[in-house]
Every structure is written in structure tokens, then in C-alpha cells.
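K.L.:
how would this look folded up:
(2 chains)
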There are 2 protein chains.
Amino acid sequence: MSSTLQETYEALRDHARETVVLSSVEDLLGWDEQTGMPPEAAEYRAEQVTLLAGMIHQRSTDPKVGQWLARLADGPLVENPVSDTGATIRHLNRDYQKQLKIPRSLVEEQTRTSVLAQQAWVKARGNDDFASFQPWLEKTFELKRQEAECLGYPETPYDALLDQFEPDTLTSTVSRIFSALREDVVQLVSAIAESRRKPNVELLEQSYPPEVQAKFGREIAARIGFDFKRGRLDVSAHPFCSRPGPHDCRMTTRYQEHDFGDAFFSILHEAGHGIYEQGLPPEHYGLPLGDAVSLGIHESQSRLWENLVGRGRAFWEYLYPELQQTFSSCLKDVVLDDFYPAINKVRPSLIRTEADEVTYNLHIFIRFELEQTLLSGELPVADLPAAWREKYRDYLGVEPSSNVDGVLQDIHWSAGLVGYFPTYALGNLYAAQFFASADAALGGVSSRLRRGDFTPLREWLRENIHQHGQRYAAVDLVQRATGQPATHQPFIKSLQAKFAPLYGL
Amino acid sequence: MSSTLQETYEALRDHARETVVLSSVEDLLGWDEQTGMPPEAAEYRAEQVTLLAGMIHQRSTDPKVGQWLARLADGPLVENPVSDTGATIRHLNRDYQKQLKIPRSLVEEQTRTSVLAQQAWVKARGNDDFASFQPWLEKTFELKRQEAECLGYPETPYDALLDQFEPDTLTSTVSRIFSALREDVVQLVSAIAESRRKPNVELLEQSYPPEVQAKFGREIAARIGFDFKRGRLDVSAHPFCSRPGPHDCRMTTRYQEHDFGDAFFSILHEAGHGIYEQGLPPEHYGLPLGDAVSLGIHESQSRLWENLVGRGRAFWEYLYPELQQTFSSCLKDVVLDDFYPAINKVRPSLIRTEADEVTYNLHIFIRFELEQTLLSGELPVADLPAAWREKYRDYLGVEPSSNVDGVLQDIHWSAGLVGYFPTYALGNLYAAQFFASADAALGGVSSRLRRGDFTPLREWLRENIHQHGQRYAAVDLVQRATGQPATHQPFIKSLQAKFAPLYGL
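P.N.:
Residues are numbered from 1 along each chain as shown, chains lettered A, B, ... in the order given. The predicted model follows:
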């Protein structure tokens, strides 16, 4: 008896679901590795992860999956591409076909290269020795060129790489949006640089006991909507958020006694990721309908809570008295009119991860422009440090005195992550666009934040973004949620509205 | 080209090693579940564990393993049964044959029954309602009878169950050892009861801040030899120790502010398990040569550090000044001559897990005797509460007023763990026998402990016990390490030497 299409669909879905169980276990191993695994356990952990990764790979490339998909891919179950079956089959098919396009030998060479390139990067960074890293970067981009050719692309090879992080978005679209924004941001940065107002950030550098920071951060994460019955908060060297189960979302941060903002805003950031993850439909965990749609959309959720809520005036009108009480020895004599500018200080700097809300995107534009010319071969890797310095001078008015503060600062390229950087900036733009739409739809978000009522905003995000998983492409999700395509306008408007009064522009 | 025996052996070993990687991941999931998994993550965790357990089962019962074993089991590689190949093949074959003997349907019924029986136990305990648990206990013992018949046994069905926890040890041997000991212990308990010396345990019930307990306990665990580069200490409801990797040993405890001894001695106990695990050859992790030989031997290591070291006078002559300084508000006016009796108070009680060093084994004898008669059917489950009360009166002179403090106190039987209890008492006896031999071999352990030198004792244990894994059976290991078969003499001697002066007997 031959099976019906519905039965084939269920076999496909159940097979994928079981693969997801394995990858969720892999996620847990990764979380454990970052948060507290004994140091000498690393070698065997690699064996555990390798075995699971092999099983996952074997399952996802199983020819029977191909047979199921061939039967389903153009049939009635995908007629409506955003129905449950349509979206699920489309995405599973896309992932399967992608895997088929890249030869095993290329995957293996990329894996090997990325391990060695990362080691070379660590060493080069330690010795400020770009030359020793150069051959690895050349090799990485050569392999990325091959990968793009295998995958195919609509306009330019970079499209193929970008698509892995921000599906269905073209390089030309991103370029257009970024270009429109760049001049405005550069101008704003200059105006701020000329302002005579200088926020006093020293008040954030007093002694904030880590255990009090942890308790306070946890409390606020819960208040904005991170559900600790379905998640936790731990410490790791680099903050992250992962979800090794539908009701098991784990975020991390790290505490610095003499920097209040570092942990607090990273908790808001990771909680933003976490609230998105917790808002995805748990019954579709790990499958297209239960998975985040793109890195840009994911980052929009973290940046929204970190910057648009967490660095906003309304939020602190609500929370500042409590903060003063919690850290009274630091803040009892500090007024909100001094605290608020301090957490919003703008200063062009060399390091992306330390950049403020205004200058951050400029760091991304630089990487986005450089990696395109590196991929095309237009910019030889040997000329990268000089090109880097030039762009930092042009866009930010600063210039690294060493490659450690320049081209060697980020791990991404050494790890083979090319096409990833633009999603950070897209996240900022999407965040502002979503926030503006929520504000309009709710008749003013600020008044809610000012009384600590985070529910309407969170529910708007859940309704318009989280619940959809990958049902709609990121571009369509933005259009549906905000009534217009992705645009830089809300972002620049939001910056101007906030920073003009702060710096008396 | 047909493979050589050596190649077959390597295929068998590598296959087992890969299965161990999966079960190590399962161990990590179990650890995570106990130590901090978000509460709502439990359901999906069960799916993760079930999938892994199924894969492990499939791998371990793979017919090709049977073919390899058939080729190897009587060949030259097992000629020397304690060689690397001999011990490995013997144990893998034993485990494989055992799995073949029990029909899948029985395994499944036992799994289902144990889940339901544990739920029934929790409920019965909550309502002090033995009658509602009785049918589950009847069913459990019925299934255990079937299991024993499937497995076969040398003398009595109980042998087959005991063998799963204490391999190669007969019920009759255990009975003989326990009988020899019982009268002596009962007498000692009576003598102590009549003594007029009453240690003051209130001094242990002052306010000992949990975070200070944690720091102190961790420090002492490291000092006796638990390696924190290869392990960690966390909090869980019930203390345990597991090792989800060759260099990844994780123990837990829980802290009670008003009970210093509870966490401190449980840390020493778990550290004893951990030091054993860390002393097993890491290159054979999870395989017979790298695995603990029996539960009795495992327990001997925990009890040795907990009781023979940790509740000994020499240890506290070394450590007490530091303890006083650490908890000065509790102990600054308490002299060692009061502290030492307090941590060694003997009092017949109803609850096994709270029992002291002297009375503990009596709790075990009761369970051991009862579970044999339950298994044989001689004692109907309906009569168990009465039989329980009678034995407590006879052996300990106390009688539970409810089944909650009686037959419903332990989870073991509801979980299908029949034949497990005697390993606790064997552990106590082995511990004393090992300690006496180490003492003789090292020319006095106490003088070393008195100056905080734990290395010679630990190295003696590593040399004589840990490094061997399952190369020798537990009984042979005892014989080799101590020059005589397992006996109760060192244990009773050690009790008398310690408690006669303490209680002025």
C-alpha cells in the first residue's frame, strides 16, 4: 500500500523532529562547555560533539529525506507556501538541497581550515602579526568563493553567503539601505563630536558588586518577560543565548565590578534574544515553524530591548529609583539627568563590541564593504589592513595604531563567517522599525515603559514576529508587521530624536 | 581477507567506546536535570534521554557485537582473564549475554512499572498509605522474580539481582558476613545507649552560612585529592557523583544553614566517589578496565573518606583550628573534645539516610533480609509493614509509628532496585578493611592525617583499587589489596576502637 502525501509529510516531519532532538543535545553540550565544564574535559567533549554532529549530518542527508521531499516539493501541500505544511516543506527542502550542492570535500576542508585559521587568528592577535594570519584569510575567502559558486546566487556570489544568515535578502538590497543611512550617521557622529556636552561615565565605573548586579539583572530580565521557569541565566566569557529544548532557554553574561553597564545591558540584550526564542511556538521546536527566521530579525529583538527600551529615558524614569536604592553607595547622589547621558555616551572608537548605539553600524558597514571586495578578489588580503585603516578614518575619524585594534579584532572571518556582519546592522534597523510600529499601534510605548508595563510591547512583538517562526521570510515579516519594506528611516529618526536633545544639537 | 582476532577485538572495543560516548552524553543530561535545568524543560529532556537510551540499546544489542564476541570469547585473547583483552572481552561478553537473556517485553514492562511504581510511592508516602503502594510492590517483585529466572543464578534467585550491583558475589557470602557482624553491632549499640555520655549536637545546629560551607567544603575536597580541573561541585536535592567524561567528574551536595555536618560529610562522601572515578584509567573510560568494579567497592571509597578519615580524631586534630576560624561565631568557644563527639553521636533512629556510622548497617541488614523473603514469596507484601516494625524493634530498639518513617522511606524498591541495599553495608566493611591495610602498609595513616597529608592514603587506594577498574572481581580486589577475603573484623574493630573511648565503654 503506497503512502498518502500526508503520511509522507508526517514521516518527513517526524524524521526532522528526531534530528532536532539530537541537535538540541549538541546545543546543551555547547552551553555546558561555555558555562562551567571542567577545563580538562574539553578533549572528550570534542568527541561527544563530533559523534553527535556526524549523526545529525547523516540523518539530514539521508537519501530517503530526498525521496520524501521529491514527492512533496511541488505537490498540493506546498500550494500555499505559508501554510504549516507549505512552510515546513519549503524550508526543509531548501536546507536539503543546499547540503547536496556543497561537496563533502569542500565541507571538510572548510571545517579543517576554520579550526586552524582560528588558532592562527588567536596567535596573530597575541603577537599583532597580521602577516601570519594572511594566508589563512586568503584560504578562507578562496573556500568561500567556491562555496558561493556551488550554492549559486541571483546577482553576486556574496548573495549566497548572506543567504545563510539572512535568507531571501539580496546584497544589493542591504547595500541600498546601508548607503542611505551612512551619510546621516556620519553627520550625526560629527555633530555629537562637536557638542560641548560630555556625559560623565565615571559614575558607571564605581564598585558595583557582581552578586548584586546578578540579582538585579535577573529580576529585570524576568520583569521584561524572560520566563525563568523556562530558562536560566549563567556566566560565560562571552554572553550568548541558546535553547536546548522548547522550554529551556539559556542566556549568559559576565560581570565586571567596575562597569555597571557591561552586564546589565548584555542581560537585556540576551533576554531580548531569549524572549524571541520563548515566543516561538514550542510545538514546532527546531522545525521551520518553530525556529528563528533570520539573524537580523533575532538581533532586532535583542537590540530593541537593549537599546530602544533599555537605554531609553522612559525605562529609566521607571527603574532609576530602584537602581539607586540597589546600589545606593554608588548612586544615591547621582540624578537621572546625569545617569541617562552616561549610559548613552557617544564616542567613535576602534572596537565594534564596545561601540555605542550611534557609531555601531559604521563598524558593520566597514566590514560589510570589505568582505565583499575580499570575496570578489578586488581587494587582495594583503591590502586589507590599509583598507581597514582608511575606512575607519573616513567613517569614524579614528585610526587603529595596531591590527589588534583593527582587522584582527573579530573572530568571524577566521571562523568562516562571511556574510554574517550585516545582520548586526539589519538588526538595529529592524528594531527601530518594529519599535516605531509598535509605538503607533499601541498609541505610545513610552507611557507604558514609564510605569514598568512591558506586556503590551512584548505581546506586540510576539503577535507580529515571534509566533510566526519561519513562516514568512524576514523581508515579508517586516512588511507585514510594519506596513512597509525594511528601511533605515525609523532608525535614523530614533537616533536623532534621542541624541539631539542629549547633546544639545 | 578475513580479519585477525586482534582486528576483531579492536572493532569490538571501538564499537563499545562509541556507545560509551553516547552514554556519557546521557550522564550529562542527567546531571543537568538534577542541578539546574529549568522546571518546564523536563518533558523534552525525557525525549532527549529516551532517544539516546534507544540508540545505546540498539548499539549494545547489535548482532554484530554477538558475532565478534562469539569469535573472541573462548580464544587466546581471553586466555589470561585479567589481561587487558581478557578482562575487556569477559565483561563485554557478560553484559551482552545478560541483555540477550531478558526478553524485550520484560524490560519494557519493568521500565513502565518502575515509572508508575515510583509515582505510586510518592503518593503513598505523601498520604502514609501503604495499601495503595502494595500492588505496585507486588508487581515489582513479581517482575524481579521473572528477571532472576531469565538470568539464572548459582544458588538462589537473589544472586541474579545482587550480581547486577555487586558482580561475582553470592547472597550466601553476604549473609555470612552480615550475620557475623550483626550481634556485635547490636551489642555495641546497646552499650552506647546505656552510656551516660551524651554528646552535644546543638553546636552543629548553629548558623553556618551556606556560602561559607560551600567554600570550605570545596577547599577540603580539593585537599583530600578531588581534582577540580577535572571536576566540579554543584547543588542538587540529593547528593550524587557522576562522570560524563574521562576528565569530567561532577559531584553535588546541598547546604542546610543549621546543620554543619549534613553538607560537609556529604561532600567528603561524594569526593570519595569522585576520587575513585578520577583514579580510574581515563584511557579506558566507560570500558571495563576504566569502570568501577562494583557498587560495594564504590561505596567503600566514599565511606572511607566520609567516616574513617572525615569523622576521625586525627583529621580534626589537623582541621579543627581552621574550622574554628572559618566559623568563628559558632565555634570559637567550642573545644575539639566537644566537637569530635558531636560529629560522632550514635543514636538508633528510624531513617537510614540519617543513621550514624554504628547503626547504619543495621538499617541495611533489615532491608537485605526483607527483600530476600519478599523475592522468595515467603513474606507476602501485605505483611511487610509488620515485619519491618518487628525488625526495627529487634535490631535498633525503635519502632516507626507510621509507614512513612518505615517501609515507605526509601525509593529503591519502587524503582526496581532489588539487591542494591547490601552494597551500602559491604561498602562500610570494605572501607574498614582497606583502611586497616593501608594503615599497616603505610606504617600508620593517623600520623599523616594529623598533619593534613592525604597523599599516601590516596595513592595507596589508587594503586590497590582505583587503577584496576574491573580487571579483578570485587572479591579478588579485596583479597589482593588486603591479603584476605572480605570480612567484618576490621569494621567492628574500628567501631570499637573509636566508640569505646568516646562513650567510655
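K.L.:
every contact and neighbour count from this point should use C-alpha atoms.
P.N.:
Will do.
K.L.:
chain B contacts on chain A?
P.N.:
A:21-22, A:25, A:37-41, A:44-45, A:47-48, A:51, A:228-232, A:245-248 (CA under 8 Å from any CA of the partner chain).
K.L.:
quick check: ChimeraX command selecting the buried ones in these.
P.N.:
Remark: buried members of the residues of chain A next to chain B, expressed as a ChimeraX selection using 16 or more other CA atoms under 10 Å in any protein chain shown:
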select /A:21,22,25,37,38,40,41,44,45,48,51,228,230,231,232,245,246,247,248
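K.L.:
now, which of the residues of chain A next to chain B lie within helices?
P.N.:
Those of the residues of chain A next to chain B mapping onto helices are A:21, A:22, A:25, A:44, A:45, A:47, A:48, A:51, per DSSP state H.
K.L.:
turn those into JSON lines, including pLDDT.
P.N.:
Output for these, formatted as JSON lines (pLDDT from 0 to 100):
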{"residue": "A:21", "pLDDT": "97"}
{"residue": "A:22", "pLDDT": "97"}
{"residue": "A:25", "pLDDT": "98"}
{"residue": "A:44", "pLDDT": "95"}
{"residue": "A:45", "pLDDT": "94"}
{"residue": "A:47", "pLDDT": "92"}
{"residue": "A:48", "pLDDT": "95"}
{"residue": "A:51", "pLDDT": "94"}
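K.L.:
which of the residues you listed sit farthest apart?
P.N.:
Taking CA to CA as the measure, those span a maximum distance of 20.9 Å, between A:21 and A:44.
K.L.:
can you list contacts of the host helix or strand of residue A:188?
P.N.:
Per DSSP states H and E, residue A:188 falls inside helix A:171-194. Residues outside helix A:171-194 that contact it (CA atoms under 8 Å, 6 or more residues apart in numbering or on different chains): A:156, A:158-159, A:162, A:346-348, A:358-359, A:362, A:365, A:395-396, A:422, A:487-489, A:492, A:496, A:503, A:505.
K.L.:
which of those fall within helices?
P.N.:
Among the contacts of helix A:171-194, the ones falling in helices (DSSP H) are A:158, A:159, A:162, A:362, A:365, A:395, A:396, A:422, A:489, A:492, A:496, A:503.
K.L.:
in chain A, where is pLDDT below threshold?
P.N.:
Applying pLDDT under 70 to chain A flags the ranges A:1-2.
K.L.:
residue in the stretch 1-150 of chain A nearest to chain B?
P.N.:
Among all residues of the stretch 1-150 of chain A, residue A:41 sits closest to chain B, at 4.9 Å; criterion: CA to the nearest CA.
K.L.:
what separates that residue from residue B:244, distance-wise?
P.N.:
9 Å (CA to CA, to the nearest Å).
K.L.:
before we move on, what about residue A:217?
P.N.:
32 Å.
K.L.:
how about residue A:54?
P.N.:
As judged by CA to CA, residue A:54 and residue B:244 stand 20 Å apart.
K.L.:
which one of these two has more residues nearby?
P.N.:
residue B:244 (28 against 11; other CA atoms under 10 Å in any protein chain shown).
K.L.:
for the most centrally placed residue in chain A, which non-adjacent residue is spatially closest?
P.N.:
Nearest to the mean C-alpha position of chain A, counting by CA atoms, centre = their mean, stands residue A:299 at 3.9 Å. Take residue A:299 and drop its neighbours on the chain: the residue closest to it by CA to CA, 6 or more residues apart in numbering or on different chains is residue A:427, 4.6 Å away.
K.L.:
that neighbour - that's part of a helix, no?
P.N.:
Yes - assignment of residue A:427 by DSSP: H, G, I helix; E, B strand; the rest coil places it within a helix.
K.L.:
surely it and residue A:296 touch.
P.N.:
Yes - between residue A:427 and residue A:296 there is a contact under CA atoms under 8 Å: 4.4 Å.
K.L.:
SS state for residue A:400?
P.N.:
Relying on three-state DSSP, one would call residue A:400 coil.
K.L.:
and if you look at residue A:344?
P.N.:
Assigned with three-state DSSP, residue A:344 falls in the coil class.
K.L.:
and for stretch A:329-339, what are the contacting residues?
P.N.:
A:199, A:200, A:203, A:206, A:207, A:208, A:316, A:317, A:320, A:323, A:324, A:325.
K.L.:
swap the cut-off to 7 Å and go again
P.N.:
For stretch A:329-339, the external contacting residues (CA atoms under 7 Å, 6 or more residues apart in numbering or on different chains) are A:206, A:320, A:324.
K.L.:
now those residues in a markdown table, please, with extra columns for distance to residue B:274.
P.N.:
Below are the contacts of stretch A:329-339 laid out as a markdown table (distance: CA to CA, whole Å):
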| residue | distance to residue B:274 |
| --- | --- |
| A:206 | 42 |
| A:320 | 47 |
| A:324 | 45 |
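K.L.:
just the ones of the residues you listed in helices?
P.N.:
Members of the contacts of stretch A:329-339 lying in helices (criterion: DSSP H): A:320, A:324.
K.L.:
for the closest residue to residue A:253 other than its chain neighbours, what are its contacts?
P.N.:
Nearest non-adjacent residue to residue A:253, counting by CA to CA, 6+ apart: residue A:239, 4.4 Å away. Taking CA under 7 Å, 6+ apart, we find residue A:239 in contact with A:252, A:253, A:254.
K.L.:
top of the residues you listed by neighbour count?
P.N.:
Top of the contacts of residue A:239 by neighbour count (other CA under 10 Å): residue A:253, with 25 neighbours.
K.L.:
correct me, but that residue touches residue A:236?
P.N.:
Yes - if you go by CA atoms under 7 Å, residue A:253 and residue A:236 touch, sitting 5.9 Å apart.
K.L.:
residues in contact with residue A:428?
P.N.:
A:300, A:303.
K.L.:
repeat for the one 4 residues further on
P.N.:
Contact criterion CA under 7 Å, 6+ apart gives A:490, A:491, A:494 as the residues in contact with residue A:432.
K.L.:
quick one: it from residue A:48, how far?
P.N.:
41 Å.
K.L.:
same check on residue A:59?
P.N.:
On the measure of CA to CA, residue A:59 and residue A:48 end up 17 Å apart.
K.L.:
just residue A:317 next, same as before
P.N.:
Residue A:317 is 49 Å from residue A:48, by CA to CA.
K.L.:
same check on residue A:479?
P.N.:
From residue A:479 to residue A:48 the distance is 42 Å (CA to CA).
K.L.:
returning to that earlier point: tell me the secondary structure at the residue nearest to residue A:253.
P.N.:
Going by three-state DSSP: residue A:239 is coil.
K.L.:
that one and residue A:184: what is the separation?
P.N.:
For residue A:239, the distance to residue A:184 (CA to CA) stands at 31 Å.
K.L.:
equivalent analysis for residue A:26, please.
P.N.:
Going from residue A:26 to residue A:184 by CA to CA gives 43 Å.
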